[in-house]
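Asks: Pasted the sequence and its predicted model underneath.
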Amino acid sequence: MITALGPVRFARRYASGPDGGGCPADAAMGVDGFLSRQASRITSLLGVTHPFDQAQRLLEQLCGWSVDAETIRRSTHATARRAAAERPTRADAGRFATAPGAFELLIDAGKVNTRVGYRDVKLALFIRRSDGKPATIDQCATRRLPAPTIRAAVAAIEGCALFGERVRREADRLGVTAADGVSVLADGAPWIWELAADVVPQAAGVLDIFHAVEHISDAVKAVFGPGTDAANAHTDAGRRALLAGGQAGVDRWLAELIPLAPAGVSAQPLVGVSAYLANHPTHLDYAGRLASGRSIGSGAVEGAVKQWVNLRMKRSGARWRVEHVGPLVELLALDDTPEWNDLWTAE
């Protein structure tokens, strides 16, 4: 057996009976297969944060262990399944109840190459974040918000209805569903807002400011040319109008801008900006949230997709089983939280 101290050889009595056989002393000694519990902790940590063949080399170099990549893979996925099964009894529900800050639910998706082709892995990130200092429009780009005080993640490759049920169970477990002051931050994907309306119907919605400004920038470049002084100036003016006045501010800006379109160039892309923002009439209170020190972007979940999905799972030649993806992403979310330690020390 491989233990945290290295390989250990030992013998014990084997007993057989009507229901099969086994070694009665194994349970008392914590013996369950080739890896001890603490050895599984080490291999799972390396396996969840590194490609399995790289984890094998790290174990050889750091610990002197001869554990093949397939054993690390199986150990990591087994740990991920156990962590998912133990979610209902995690202590983080109590920590969420007492952590400072307002609740935020951020939702996004990334793509993973599976054995049945590329599939979307949906990710919902629950955090609590204390309010920062009030900020003006001019301070928006340089302000620094407090880091989240706690987080929990739910991930899966499945349809919107099933994923919505999964997110709702987590919201209920963490006490988010009926909490005051909940915010949902996301890009403009309709499925996200439909899911959020079902899970936390009383929450305030916030369209990620960077996605909103991207629509403004693309429309301006289409009319005035990419990289031109006019395009840069008009984009900045549109961003300021959006931050200060939401939909109404952008419509006033557009009313002044559209007549300035160059001769022979369609202003339809600018009209499209108003149509796009009209899908989010209650998600554009940027000025109010800046004044309250609240977040206006979904960068936390986009960063999570980059770290937990793109960097870990998009490796050359990697093809994942669909059922393994969600639990592995969730295990990655645990690896630098108190819940990781609880996973290995709780009885």
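Replies: Received the coordinates, thanks. Numbering: from 1, shown residues only.
Asks: Quick check: Trp65 touching Leu59?
Replies: Yes: under the criterion of Cβ atoms under 8 Å, Trp65 makes contact with Leu59 at 4.6 Å. Where C-beta positions appear, they are placed from N, C-alpha and C, glycine not excepted.
Asks: With neighbour numbers in mind, choose between these two.
Replies: Neighbour count, other Cβ atoms under 10 Å: between Trp65 and Leu59, Leu59 has more, with 23 against 20.
Asks: The nearest residue to His77 once chain neighbours are set aside: neighbouring residues, count only.
Replies: Taking Cβ to Cβ, 6 or more residues apart in numbering, and ignoring the residues beside it in sequence, His77 has His324 as its nearest neighbour in space, at 5.5 Å. Residues lying near His324 (other Cβ under 10 Å) number 19.
Asks: Please report how far His324 lies from Gly288.
Replies: Going from His324 to Gly288 by Cβ to Cβ, to the nearest Å gives 42 Å.
Asks: before we move on, what about Val265?
Replies: On the measure of Cβ to Cβ, Val265 and Gly288 end up 35 Å apart.
Asks: Tell me the helix or strand right after the helix or strand containing the residue nearest to His77.
Replies: Assigned by DSSP states H and E, His324 belongs to helix 322-334. Scanning forward in sequence from helix 322-334 by DSSP H and E, the next helix or strand is helix 338-345.
Asks: in that following helix, what counts as buried?
Replies: By 16 or more other Cβ atoms under 10 Å, the buried positions in helix 338-345 come out as 339-340, 342-343.
Asks: Most widely separated two among the residues you listed?
Replies: Greatest spacing in the buried residues of helix 338-345, by Cβ to Cβ: Trp340 and Asp342 (7.2 Å).
Asks: Who are the packing partners of the helix ranked longest in the chain?
Replies: Looking across the chain with DSSP state H, the single longest helix is helix 229-257. Contact analysis of helix 229-257 by 3 or more Cβ pairs under 8 Å, 6 or more residues apart in numbering; DSSP states H and E lists helix 209-224, helix 268-277, helix 286-291 as its packing neighbours.
Asks: Quick one: work out the angle between that helix and helix 268-277.
Replies: 70 degrees (axes from the mean of the first three to the mean of the last three Cα atoms, to 10 degrees).
Asks: still on that earlier bit, switch the buried residues of helix 338-345 over to TSV; also include distance to Thr282 and pLDDT.
Replies: As requested, those are arranged in TSV below (distance: Cβ to Cβ, whole Å; pLDDT from 0 to 100):
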residue	distance to Thr282	pLDDT
Glu339	34	93
Trp340	37	94
Asp342	38	92
Leu343	39	92
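Asks: Tell me the confidence at Pro18?
Replies: At Pro18, the model reports a pLDDT of 64.
Asks: which other residues reach the helix holding His324?
Replies: Applying Cβ atoms under 8 Å, 6 or more residues apart in numbering, the set of residues contacting helix 322-334 from outside is 44, 48-49, 76-77, 79-81, 83-84, 112, 114-116, 119, 121, 123, 151-158, 304, 307-309, 312-313, 320, 340, 343.
Asks: Which ones among these map onto helices?
Replies: Judged by DSSP H, those include 44, 48-49, 76-77, 79-81, 83-84, 304, 312-313, 340, 343 as members of helices.
Asks: and of these, the nearest to Asp218?
Replies: Looking across these and measuring by Cβ to Cβ, the closest to Asp218 is Ala304, at 25.3 Å.
Asks: circling back to that earlier point, closest to Pro190 out of the ones in helices among the contacts of helix 322-334?
Replies: Nearest member of the ones in helices among the contacts of helix 322-334 to Pro190, counting by Cβ to Cβ, is Ala304, at 21.2 Å.
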